[in-house]
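> Provided below for reference: sequence and predicted model.
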Amino acid sequence: MTIPPNQDDANKARTTYFNLPALDVSLAFPQATPAAIFPPCTSDYYQSNDLLTPEEQALRMRVRQSVEKEVAPIMAEYWEKAAFPFHIIPKLGALRIAGGTIKGYGCPGLSITASAIATAEVARVDASCSTFILVHSSLAMLTIALCGSEAQKQKYLPSLAELKTVACWALTEPNYGSDASALKTTATRVEGGWMLDGQKRWIGNATFADVLIIFARNTTTNQINGYIVNKNVPGLKATKIENKIGLRMVQNGDILLKQVFVPDEDRLPGVNSFQDTNKVLAVSRVMVSWQPIGISMGVYDMCHRYLKERKQFGAPLAAFQINQEKLVHMLGNVQAMILIGWRLCKLYETGKMTPGQASMGKVRQNCIL
């Protein structure tokens, strides 16, 4: 088309159907079932589900059915908008998986295997939703459980476990990601508490969290301490990072702290150096190693269904050996990932897991993915 010199003329020159809504995918592409209808699970080829206890199997099916019903139909819409579907938070809360392995305080007290399986089942349908749960549960809640005072656990964990309130975990800074121990956010002792100053970046759930776990350098000891900051306190600001190409539903944010006062009762007594964060990261790395397992299972299940449904040259794409080879390669990787994740859980449960094993599990699973 010829481009007219002004907007009014441009509108006249365009086709009458220029702004029509997109054709429904079931009409536009009838050979493939849309992702909103999630496919059956065909990715557990070695039947690793038999390794789980009856309680763990029941949890898996409860999470799977809920996420397929509640998340799958809306994930594409919210991915496109880069917005978070807040209406599903109560439904995720009803699954009773937030808090994972934490015992008491309204938390589910799951085995680490059960918690990992729940993580994978959410990730199988949507990686963004699983990231939301991981940040809230395996980082923020676990920090309070492992490093908080009894009063802090009583105050914060029950509502977080029900997802009536949401938490984030702020360690990373603009200049310090993998070098997080060098963070520059400061905590200065003042009468009755602490004054926080600094900046955090890439913090999941930051823009809507009710509770923020902030790590800052104690200006007296030069050690990393942890603090619980409540939303809307003076000097706190969180803004959304725009234009992401991955995990678009996750609301990653920049957090600015300018003279943010934290009372003494909200300093985490169990975080007195950067090493204390390892207590949390050891468990969270197990959970994070199961996220790519779930993602890979979902990708395989989708590909398996699509190749059976889509026909070319008079046959399903699954009938062609080149596609069969790709499917088998994917399926083999999924089985390896499941077995690595399962073994990591068993090592943790018996107290034998080392930080190196946890880190290798996390890295290796993501490399396979």
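Yep, it's here. Since the structure is predicted, the reported quantities are computational estimates derived from the model, not experimental observations.

> how about the strands of the stretch 51-200 of the chain, start to end?
103-104, 107-108, 167-170, 186-190, 193-203 (DSSP state E, counting those that start in this stretch).

> got it, and the stretch 201-350 of the chain?
Secondary structure of the stretch 201-350 of the chain, counting by DSSP E, counting those that start in this stretch: strands at 211-218, 224-230, 236-240, 253-263, 267-268, 311-312, 315-316.

> tell me the contacts of the spatially most central residue of the chain?
Nearest to the mean C-alpha position of the chain, by CA atoms, centre = their mean, lies residue 131 at 0.5 Å. If you count contacts by CB atoms under 8 Å, 6 or more residues apart in numbering, residue 131 has them with 204, 247, 250, 291. Where you see a C-beta, it was placed from the backbone N, CA and C, and this is true even at glycine.

> Just put the residues you listed in CSV and tack on pLDDT, distance to residue 157 and neighbour count.
As requested, the contacts of residue 131 are exported to CSV (pLDDT from 0 to 100; distance: CB to CB, whole Å; neighbours: other CB atoms under 10 Å):
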residue, pLDDT, distance to residue 157, neighbour count
204, 97, 19, 22
247, 95, 26, 18
250, 97, 23, 23
291, 95, 23, 26
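
> so which of these would you say is closest to residue 25?
residue 247 (22.7 Å; CB to CB).

> Nearest residue to that closest one in space, please, no chain neighbours.
Residue nearest to residue 247 in three dimensions, not counting chain neighbours: residue 128, with 5.0 Å by CB to CB, 6 or more residues apart in numbering.

> Now do the same contact list for that neighbour.
75, 78-79, 84, 247-250.

> Buried among the residues you listed? Need that as a selection in ChimeraX.
To isolate the buried ones among those in ChimeraX, judged by 16 or more other CB atoms under 10 Å, type:
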select :75,78,84,247,248,249,250
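
> Could you save the contacts of residue 128 as CSV and add columns showing distance to residue 181?
Listed next are those as CSV, based on distance: CB to CB, whole Å:
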residue, distance to residue 181
75, 36
78, 35
79, 34
84, 30
247, 25
248, 30
249, 30
250, 24
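
> if we can go back for a sec, check the gap between the residue nearest to the centre of the chain and residue 310 for me.
Relative to residue 310, residue 131 is positioned 30 Å away (CB to CB, to the nearest Å).

> Wait, residue 294 touches residue 118, no?
No: using CB atoms under 8 Å, residue 294 makes no contact with residue 118, being 9.4 Å away.

> Those two - which one has more neighbours?
Of the pair residue 294 and residue 118, residue 118 is the one with more neighbours under other CB atoms under 10 Å, namely 30 against 27.

> so how far is residue 186 from that one?
Residue 118 sits 37 Å away from residue 186, going by CB to CB.

> cool, and residue 142?
Distance of residue 142 to residue 186, computed by CB to CB: 25 Å.

> Would you check that residue 218 makes contact with residue 196?
No: Residue 218 is beyond contact range of residue 196, at 10.8 Å (criterion: CB under 8 Å).

> ok, the two, which is more surrounded?
Under the neighbour definition other CB under 10 Å, residue 218 and residue 196 were set side by side, and residue 196 has more, 24 against 18.

> who's in contact with the more buried one?
Contacts for residue 196 (CB under 8 Å, 6+ apart) come out as 185-187, 214, 216, 227, 229, 235, 257, 259-262.

> can you do 6 Å?
With contacts defined as CB atoms under 6 Å, 6 or more residues apart in numbering, residue 196 is in contact with 187, 216, 257, 260.

> Repeat that for residue 96.
Going by CB under 6 Å, 6+ apart, residue 96 touches residue 108.

> so how far is residue 129 from it?
Shown here: residue 96 relative to residue 129, a distance of 16 Å by CB to CB.

> One more: residue 157?
In terms of CB to CB, residue 157 sits 21 Å off from residue 129.

> What segments of the stretch 251-369 of the chain are helices?
Ranges of helices in the stretch 251-369 of the chain, per DSSP state H, counting those that start in this stretch, are 277-309, 321-349, 355-368.

> Would you single out the least confident of those helices?
Lowest mean pLDDT of the helices of the stretch 251-369 of the chain: helix 355-368, a mean of 79.

> now the angle from that one to helix 321-349?
For helix 355-368 against helix 321-349, the angle by axes from the mean of the first three to the mean of the last three CA atoms, to 10 degrees is 160 degrees.

> that older thread, for the nearest residue to the residue nearest to the centre of the chain once chain neighbours are set aside, give me its contacts.
Counting by CB to CB, 6+ apart, residue 131 lies nearest to residue 250, which is 5.0 Å off, once chain neighbours are set aside. Residue 250 makes contact with 128, 131, 204, according to CB under 6 Å, 6+ apart.

> What is the nearest of these to residue 33?
Among these, and counting by CB to CB, the member closest to residue 33 is residue 128, at 21.5 Å.

> And the closest one, how close does it get to residue 93?
Distance, residue 128 to residue 93, using CB to CB: 17 Å.

> returning to what we had before: any chance you could list residues touching both of residue 218 and residue 196?
Here residue 218 and residue 196 share the contacting residues residue 187, scored by CB under 6 Å, 6+ apart.

> Next, residue 15: phi, psi?
phi -70, psi 160 (degrees, to the nearest 10).
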